[in-house]
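Chemist: What shape does this take:
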Amino acid sequence: MSVTVVNVRDYKGNGTYIGRAKDPTRSVFGNPYSHIDGTLARYKVATREDAIEKYREWVQYQWENDEYFHLCLSSLVRKHQAGERVVLACHCAPLPCHGTVLKEYIEALAFFWNEDTPF
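Modeler: All right, here's what the predicted structure looks like:
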C-alpha cells in the first residue's frame, strides 16, 4: 500500500495527524519550523523550503535520539510494510511540506529494514 499526505481539512478518513499541537504528545510529527508568523512552531525560518529542509534534519536527529519519536515512526513503517495504507494528515497539503519528508522516511525505512536489521 501507499503512504499518502492529505490535507486534514479535506480528508474524512482515518490517518495520523502530523500537524502541530499545543501538547507535543498529541502530534509527535509536527514541524517545529515555520516561515509563517503566529503558528505553534518553535522556530521561525525565511521560507517554506527552509522549514522543510530544517524538518528533514530534525527528523533525522529525533530518529536517532528520541525514543518516543522512534517508536511512533517505527509503527508507521511497520504498518506500511504490512501492506496497510499510511495516511499523514496536515494543514499544508497539497503544498510542499514536512509530510513529504515523513513519507520519504517511511518508504525508505520500510524498503531497507527487515527482521535481521534492527531499527
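Chemist: only C-alpha atoms for contact and neighbour calcs from this point on.
Modeler: OK.
Chemist: what ranges of the protein fall below the confidence cut-off?
Modeler: 24-25, 114-119 (pLDDT under 70).
Chemist: Would you state the strands of it in chain order?
Modeler: Using DSSP state E, the strands of the chain run over 3-7, 16-17, 33-34, 43-44, 86-90.
Chemist: so which of these comes closest to K103?
Modeler: Closest to K103 of these is strand 3-7 (Cα to Cα; 6.0 Å).
Chemist: Would you mind listing the buried residues in the closest one?
Modeler: V3, V5, V6, N7 (16 or more other Cα atoms under 10 Å).
Chemist: Where is the longest helix in the chain?
Modeler: If you go by DSSP state H, the chain has its longest helix at helix 48-65.
Chemist: With just CA atoms, put that one into CSV.
Modeler: The C-alpha trace of helix 48-65 is given here as CSV (Å, rounded to 0.1, in the frame of the first residue of the first chain):
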residue,chain,number,x,y,z
ARG,A,48,8.7,27.1,3.2
GLU,A,49,11.7,25.4,1.7
ASP,A,50,13.9,26.3,4.7
ALA,A,51,11.2,24.9,7.0
ILE,A,52,11.1,21.6,5.1
GLU,A,53,14.9,21.3,5.0
LYS,A,54,15.2,22.0,8.7
TYR,A,55,12.5,19.5,9.4
ARG,A,56,14.5,16.9,7.4
GLU,A,57,17.4,17.5,9.8
TRP,A,58,15.2,17.5,12.8
VAL,A,59,13.6,14.1,11.8
GLN,A,60,17.0,12.5,11.5
TYR,A,61,18.0,13.8,14.9
GLN,A,62,14.7,12.7,16.5
TRP,A,63,15.0,9.3,14.9
GLU,A,64,18.5,8.8,16.4
ASN,A,65,17.9,10.4,19.8
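Chemist: May I see the buried residues of it?
Modeler: Within helix 48-65, the residues that count as buried by 16+ other Cα under 10 Å are R48, A51, I52, E53, K54, Y55, R56, V59, Q62, W63.
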